[in-house]
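J.: model this:
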Amino acid sequence: MQVTEPMRKMILTGASCFALGAGGMAFVSQTADARTSPNAETFKMLELFGDVLSTVQDQYVIPTDDKKLIEAAIDGMLTSLDPHSGYLNLESFDELRDQSRGEYGGLGLEVTAEEGMVKVIAPMDGTPASRAGVMAGDFITAINDESILGLNLTDAVKQMRGAVGTPVALTLTRVGEEEPIDVRLVREVINVKSVRTSFKGDYGVLRLSAFNEKTGQETEDGVRKLMRERPDMKGLVLDLRNNPGGLLDQSVEVADVFLDGGEVVSQRGRTSRDIVRYNARPGDLLNGKPMVVLINYGSASAAEIVAGALQDRKRAAIVGLTSFGKGSVQTVIPLRGGLDGALKLTTDRYFTPSGRSIQKTGIEPDLEVAMNEKEAKRVARLSSFSEASFRNALDAQEGKTRSKPHDPAEIPPKGFDPEAKDADFQLVRAVDVLKAGSVRAVPKLQTAQVTPAKSAPVVTPR
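T.: Residues are numbered from 1 along each chain as shown. The predicted model follows:
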């Protein structure tokens, strides 16, 4: 389905996300509905706000910047609604518009705020952050040896930005690591090509790192390239691991490449009348060749839409770890034509073709596989790196909850060398599923046990 520019949506991960690399942006030109007059209580509270502002102006220990105070108040109001709503001042609005085009400067990070700390949603492929080994779930505690604990997200992001070619040092804390991790990066112009192609034996591998304005076309081009290079290609692995999402319309275009018509996703707003359905066009570019989709806890929003659509439509098996669980849609509403910045407001939930909301719960794999033992321990002992970790996250409409910490069904067996060239256990198992023809038919490995006996029960593949 073709989505026109004025009605495009974004589905970013993270509270008040400011992407230093990942993510996307969409815009809708509209003004606030002023038909409903505020009631008396609202006027009273606005008067209270004026009194507080006046008192701060007169009595705070140092002079204050009224504009910054009011912007912070607006942002605080919006972020109290849910982690993804927020206020974008003019500078932030311009930066995010640049990001949606897939070309911008920075480190290649998608970050969010969590309880006064800056948390990494995902590093982008081929950027300074990914090359330095920054991982999804890391907390950034210091920039250039100065603590940023308690600093608001906007100011922290500004410190990480800078002139291309200049260095920046980040101090990270990582679950499972006792000592802080120091990394040095050099700022670059991030020109994100969201699609890369390769082969694993007779099977093509299409890696999607983000959903920007170019992703749909790049996906189609990537599939055609694989089929030209290997006309006898037997199947495809679509790799969406650590893909933090981006533009809603691009997720529809990507799913459209692999589906022969039918629904991809629906978005539903406040009332039963606020439903929009997005459908694929006839024609599967792969002509029915088997598919596997790889996901993990860094796969979010647009990536989850694609994975959920292909899973529900029985087009692909899902291999990896349960995804992030970001099932809401944000609309960017320019204020005074963008001269006063914009609101980023949660306006809809999205649902997979079968009617599932994955908000908080995520997409569960058909075959659960951890990349290595360290990753398995994170899944077995923690449930914090997900949408469900945000205190004010929207609930799934069905009232479902995310699976508890547990031992992943599979980890690399003894003898698997994670340091070997191109070693990727999740990809190996994805190809095994393609070779076997289904998850049910794939030879099972011995179930891993990475936690004490009293841990949650092992989750077996469906």
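
J.: Surely A376 forms part of a helix?
T.: Yes - looking at A376 with DSSP: H, G, I helix; E, B strand; the rest coil, it is inside a helix.

J.: quick one, what contacts the residue lying closest to R174 once chain neighbours are set aside?
T.: Excluding the flanking residues, the one nearest R174 by Cβ to Cβ, 6 or more residues apart in numbering is D138, at 5.2 Å. The way it works is simple: take the backbone N, C-alpha and C, and place the C-beta from them, glycine included. By Cβ atoms under 8 Å, 6 or more residues apart in numbering, the residues touching D138 are K119, V120, L172, T173, R174, I181.

J.: From G108, how far out is the second one?
T.: Read it as V120. As for V120, its distance to G108 is 11 Å (criterion: Cβ to Cβ, to the nearest Å).

J.: joint contacts of these two?
T.: With Cβ under 8 Å, 6+ apart as the test, V120 and G108 both reach A129.

J.: quick one: which helix or strand includes A420?
T.: Following DSSP states H and E, there is no helix or strand that holds A420.

J.: Sorry, wrong one. I was asking about T271.
T.: Short version, using DSSP H and E: T271 is in no helix or strand.

J.: rewinding a little: hmm, which of the contacts of D138 are the buried ones?
T.: K119, V120, L172, R174, I181 (16 or more other Cβ atoms under 10 Å).

J.: how close does the second one sit to L208?
T.: It stands for V120. Counting by Cβ to Cβ - V120 and L208 are separated by 19 Å.

J.: which secondary element of the chain has the worst mean pLDDT?
T.: In the chain, no helix or strand scores lower on mean pLDDT, DSSP states H and E than strand 18-19, which sits at a mean of 36.

J.: Can you give the distance from the helix or strand that that one is followed by to the centre of its chain?
T.: Sequence order places helix 40-59 as the next helix or strand after strand 18-19, per DSSP H and E. In terms of Cα atoms, centre = their mean, to the nearest Å, the centre of helix 40-59 is found 37 Å from the chain centre.

J.: what does the helix or strand just after helix 40-59 contact?
T.: Next in sequence after helix 40-59, counting helices and strands by DSSP H and E, comes helix 66-79. Contacts with helix 66-79, where a contact means Cβ under 8 Å, 6+ apart, come from 15-16, 49, 53, 56-57, 85-87, 89, 152, 343-345.

J.: Repeat the analysis, applying 10 Å as the threshold.
T.: 15-16, 49, 52-53, 56-57, 60, 65, 84-89, 92, 113, 152-154, 335, 340-341, 343-346, 392 (Cβ atoms under 10 Å, 6 or more residues apart in numbering).

J.: Run through who's touching the helix or strand just after it.
T.: Tracing the chain past helix 66-79, the next element assigned as helix or strand by DSSP H and E is strand 86-88. Outside strand 86-88, the residues that touch it by Cβ under 10 Å, 6+ apart are 12, 15-18, 25, 70-79, 92-97, 113, 153-154, 330, 332-335, 338, 340-346.

J.: for Y203, what are its contacts?
T.: 226, 230, 233-237, 289-292, 427, 430-431, 434-435 are the contacts of Y203 under Cβ under 10 Å, 6+ apart.

J.: When you filter the contacts of helix 66-79 down to buried only, what's left?
T.: 15-16, 84-89, 92, 113, 152-154, 335, 340-341, 343-346.

J.: pLDDT weak spots in the stretch 301-450 of the chain?
T.: 382-384, 446-450 (pLDDT under 70).

J.: and the residue nearest to I358 when sequence neighbours are not counted, how many neighbours?
T.: Take I358 and drop its neighbours on the chain: the residue closest to it by Cβ to Cβ, 6+ apart is G327, 4.5 Å away. For G327, the count of nearby residues is 31 (other Cβ atoms under 10 Å).

J.: same deal with K158?
T.: 16.

J.: my guess is it contacts S92, does it?
T.: Yes - at 9.5 Å, K158 and S92 qualify as touching, with contact defined as Cβ atoms under 10 Å.

J.: Angles on the backbone of E114, please.
T.: phi -140, psi 110 (degrees, to the nearest 10).

J.: How much space separates it from T79?
T.: Counting by Cβ to Cβ, the gap from E114 to T79 is 12 Å.

J.: from the middle of its chain, how far away would the longest strand seen in the chain be?
T.: Using DSSP state E to define each element, the chain has its longest strand at strand 342-351. When C-alpha coordinates are averaged (Cα atoms, centre = their mean), strand 342-351 and its chain have centres 15 Å apart.

J.: Work out the sheet partners of it and label each with its direction, please.
T.: Strand 342-351 pairs in its sheet with strand 86-88 (antiparallel), strand 262-268 (antiparallel), strand 328-334 (antiparallel), by DSSP bridges.

J.: Just name the most buried of the ones you listed.
T.: strand 86-88 (a mean of 27; mean count of other Cβ atoms under 10 Å).

J.: after that strand, next one along is what?
T.: Counting by DSSP H and E, what follows strand 86-88 is helix 90-100.

J.: Does anything pack onto that next one? Which helices or strands?
T.: In terms of contacts (3 or more Cβ pairs under 10 Å, 6 or more residues apart in numbering; DSSP states H and E), helix 90-100 is packed against strand 18-19, strand 86-88, strand 103-106, helix 153-160, strand 246-247, strand 328-334, strand 342-351.

J.: Only alpha carbons, please: show it as CSV.
T.: Coordinates of each C-alpha in helix 90-100 appear next as CSV, following Å, rounded to 0.1, in the frame of the first residue of the first chain:
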residue,chain,number,x,y,z
LEU,A,90,13.4,23.1,16.4
GLU,A,91,16.9,21.8,16.5
SER,A,92,15.9,18.2,17.5
PHE,A,93,13.1,18.3,14.9
ASP,A,94,15.6,19.2,12.1
GLU,A,95,18.0,16.5,13.3
LEU,A,96,15.3,13.8,13.2
ARG,A,97,14.2,14.8,9.7
ASP,A,98,17.8,14.4,8.6
GLN,A,99,17.8,10.9,10.2
SER,A,100,14.7,9.8,8.3
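
J.: got the angle between it and strand 328-334?
T.: 120 degrees (axes from the mean of the first three to the mean of the last three Cα atoms, to 10 degrees).

J.: what mean pLDDT would you report for helix 90-100?
T.: Mean pLDDT, helix 90-100: 77.
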